[in-house]
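>>> Next one to model:
(one chain, ligands or ions: 2)
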Amino acid sequence: MNILGIDTSCDETAAAVVVDGREILSNIISSQIDLHRKYGGIVPELASRKHVESINYIVDQAMIEAGTTFNNLGAIAVTNRPGLIGALLVGVAAAKSLAYAHDLPLLGINHIEGHIYANFMVHEELPFPHVCLTVSGGHTLLVEVQSGGRYEVLGGTLDDAAGEAYDKVAQYLGLGFPGGKVIDDLAKQGDPSAIEFPRPMIESGDYQFSFSGIKTAVRYFVEKAKSSGEMPPIEDIAASFQSAVVDVLVRKTIRATEAKDARAITLTGGVAANSQLRASMSEAANSLGAKVYYPPINLCTDNGAMIAGVAYHQFQAGQRDALDLNASAAGPIAESQHQIAS
Ligand code: KG4
Ligand code: ZN
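Numbers count the residues shown, from 1 in each chain. Ligands and ions are numbered 1, 2, ... in the order given. The predicted model follows:
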């Protein structure tokens with residue numbers, strides 16, 4: 001069954017057509033980064049307006065590239081939670097209009113469930129239970145995936161998302177927006193032990209995270225170093241910051257993997273592209289006999305394919321949403337109970 005999946009939860013206008021939850025016929029992603037760059041972060045109102053401009057074109061492209069028509073779709077799926085409310089509403093309105101016009105079933109999908117599902121699209125034999133770390137500009141969430149579609153949320157960030165910390169630190173260092181990849185690249189040339197940044201909550205014994213303290217520590221360090229004229233190489237700052245973030249992410253994920261006796265770890269979200277996170281997580285997981293999985297980058301970042309993928313299983317489990325489907329800025333994933341066949 002072909003499903004059109006739409007995601008406008010943040011700053012990407014995305015649409016995709018996926019067959020039976022796995023075979024991606026098209027995956028069109030229009031990034032708004034150039035629009036937001038000069039503000040050093042996502043401006044929600046601008047994001048909504050840009051989605052309005054782009055959505056019809058992106059959906060058309062997804063349908064054309066998939067070589068399909070609305071007559072050949074089985075359902076339309078859309079991210080309706082969580083995310084920027086104005087941005088979500090654009091996708092939801094588009095999906096409802098299309099479902100109504102073409103008399104197709106409509107499904108509202110949780111964005112985080114989409115991120116978790118991204119690994120299922122490319123790794124057919126993911127063992128259960130596994131621990132999934134979702135790390136992006138908007139989210140940091142640690143979840144035990146007990147079986148396809150059954151989750152226990154173990155913890156999340158109490159303040160900034162990991163990607164948000166990368167983006168803010170890049171701003172303090174004058175590296176532009178978004179900053180994750182630039183810092184990742186600079187860190188490869190730097191000394192991670194040059195500066196001792198804090199690792200908040202690393203020993204807290206739970207699965208919660210806090211990144212705002214690391215971010216602020218970098219900010220004070222840079223201000224002080226500049227005023228004293230003793231600025232260390234930017235590569236050392238990048239490497240030291242990155243190792244603080246990665247240490248916390250790895251420590252808590254590994255602890256959860258041990259506690260849940262899980263055999264695998266999945267990484268997803270934009271920060272899952274980070275080279276040190278991948279390397280350090282794999283090394284730590286190896287010592288437990290667990291394996292680390294991550295999807296290709298166009299499935300790590302926001303996309304419509306992961307939404308169409310989740311929707312296939314929720315459709316099979318009987319989910320249908322009415323045309324009064326609404327968007328919500330928040331949205332827990334724990335209520336999901338559908339099965340994802342491997
Ligand atoms: O998933 P995503 O595209 O968008 C959402 O936030 O939903 O994630 C974007 C985030 C940004 O904060 C960006 O700086 C970060 O992912 N990022 C990285 C890397 N590539 C992207 N962070 C660390 N290392 C990277 N290589
Ligand atoms: Zn996302």
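>>> need the residues of the stretch 101-250 of the chain near ligand 2, please.
residue 136 (Cβ under 5 Å from the ion). Backbone N, C-alpha and C define where each C-beta goes, glycine included.
>>> repeat that for 8 Å
Neighbours of ligand 2 within the stretch 101-250 of the chain, by Cβ under 8 Å from the ion: 111, 112, 114, 115, 134, 136, 137, 138, 139.
>>> Which of these fall in helices?
111, 112, 114, 115 (DSSP state H).
>>> Going by distance to residue 329, which of those wins?
Nearest to residue 329, judged by Cβ to Cβ, of those is residue 111 at 10.9 Å.
>>> show me the contacts for the closest one.
For residue 111, the contact set (Cβ atoms under 8 Å, 6 or more residues apart in numbering) comprises 7, 9, 79, 81, 82, 83, 302, 307, 331.
>>> The helix ranked longest in the chain close to ligand 1?
Ranked by residue count and defined by DSSP H, the top helix of the chain is helix 234-259. No. Counting by Cβ under 6 Å from any ligand atom, ligand 1 is not contacted by helix 234-259; separation bottoms out at 7.7 Å.
>>> Check the offset of that helix from the chain's centre.
Computed by Cα atoms, centre = their mean, to the nearest Å, the chain-centroid distance of helix 234-259 equals 18 Å.
>>> packing partners for that helix?
Packing partners of helix 234-259 (3 or more Cβ pairs under 8 Å, 6 or more residues apart in numbering; DSSP states H and E): strand 130-135, strand 140-147, strand 150-156, helix 162-172, helix 180-187, helix 212-228, strand 264-268, helix 275-286.
>>> Direction included, what does the first one pair up with?
Right, strand 130-135. Applying DSSP bridges, strand 130-135 is found paired with strand 140-147 (antiparallel), strand 264-268 (parallel).
>>> So the closest residue to residue 112 other than its chain neighbours: helix, strand or coil?
Counting by Cβ to Cβ, 6 or more residues apart in numbering, residue 333 is the residue found nearest to residue 112 once chain neighbours are left out, at 5.2 Å. Three-state assignment for residue 333 (DSSP: H, G, I helix; E, B strand; the rest coil): coil.
>>> What residues does residue 333 make contact with?
Residues counted as contacts of residue 333 (Cβ under 8 Å, 6+ apart) are 110, 112, 113, 116, 143, 151, 153.
>>> Enumerate the residues of this structure near ligand 1.
10, 136-138, 163, 166-167, 178-181, 184, 269-271, 273-274, 301-302.
>>> Residue in the stretch 101-250 of the chain with the shortest distance to ligand 1?
For the stretch 101-250 of the chain, the residue closest to ligand 1 is residue 180, as judged by Cβ to the nearest ligand atom, at 2.1 Å.
>>> what about that residue, neighbour count?
The burial count assigned to residue 180 is 24, neighbours taken as other Cβ atoms under 10 Å.
>>> Repeat that for residue 38.
Using other Cβ under 10 Å, residue 38 has 9 other residues around it.
>>> From ligand 2, how far out is it?
According to Cβ to the ion, to the nearest Å, residue 38 stands 22 Å off from ligand 2.
>>> wait, residue 277 sits on residue 140?
No. Contact criterion Cβ atoms under 8 Å: residue 277 and residue 140 do not qualify, at 11.7 Å.
>>> Between the two, which is the more surrounded one?
Applying other Cβ under 10 Å to residue 277 and residue 140 shows that residue 140 carries more neighbours, namely 29 against 24.
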